[in-house]
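Participant: Fold the following.
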Amino acid sequence: MPGLEELTGLRIVASAEAIDAALWPAGSTPLRIAADDVFLLNGTSAIIGDHHAIIEPESTFQGRWLDRGVVEEWVATNADWLLPTGDGFSQGMVAALPVKIWASGTRALVIVPASFGAELEARL
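Facilitator: This next block holds a predicted model:
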């Protein structure tokens, strides 16, 4: 099984309204961490309608793409919540780790802060 990969993009902190109205570049994936906070996976630029927005390069996450069924089973076995049906982003504690999961089709990207990368590998 391949190891974790460094995930890069942009961290955007702006008003919730500006993030709601943003148009994201092709090839990027906006992961909404909070109403006013987005990790734009694979993003290299963004135009946000908030002149107080903070837009900085982000490279503090690691992750691994896995079969969605494997991730669903891992979450169901190791968390008190279930991976939602359909495509989308969710986050919470799984196997005592703070994880973010981007589900897309038959795959899911499990994401952790880089400082938890070795722990994630041990628990998958």
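Participant: rest of the way, CA atoms for contacts and neighbours
Facilitator: Will do.
Participant: who's in contact with the longest helix seen in the chain?
Facilitator: Secondary structure of the chain per DSSP state H: the longest helix is helix 68-78. Outside helix 68-78, the residues that touch it by C-alpha atoms under 8 Å, 6 or more residues apart in numbering are 81-83, 94-95, 103, 105-108, 110, 124.
Participant: C-terminal to it, what's the next element?
Facilitator: strand 88-94 (DSSP states H and E).
Participant: what mean pLDDT does that following strand have?
Facilitator: Mean pLDDT, strand 88-94: 96.
Participant: Strands of the protein, start to end?
Facilitator: Secondary structure of the chain (DSSP state E): strands at 5-13, 29-34, 37-41, 54-67, 88-94, 97-104, 107-113.
Participant: The longest one pairs with which strands, parallel or anti?
Facilitator: Partners of strand 54-67 in the sheet, by DSSP bridges, are strand 5-13 (antiparallel), strand 107-113 (antiparallel).
Participant: In the longest one, which residues are buried?
Facilitator: Right, the one you point to is strand 5-13. Buried residues in strand 5-13, counted by 16 or more other C-alpha atoms under 10 Å: 7-13.
Participant: Dump the residues you listed into TSV; add distance to Asp20 as well.
Facilitator: Listed next are the buried residues of strand 5-13 as TSV, based on distance: C-alpha to C-alpha, whole Å:
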residue	distance to Asp20
Leu7	23
Thr8	22
Gly9	18
Leu10	16
Arg11	15
Ile12	12
Val13	12
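Participant: Please identify which of those is nearest to Gly63.
Facilitator: Using C-alpha to C-alpha, Leu7 comes nearest to Gly63 of the buried residues of strand 5-13, at 6.6 Å.
Participant: The closest one contacts Ser59, doesn't it?
Facilitator: Yes: counting by C-alpha atoms under 8 Å, Leu7 touches Ser59, with 5.9 Å between them.
Participant: Next one: Glu72 relative to Ile12, how far apart?
Facilitator: 28 Å (C-alpha to C-alpha, to the nearest Å).
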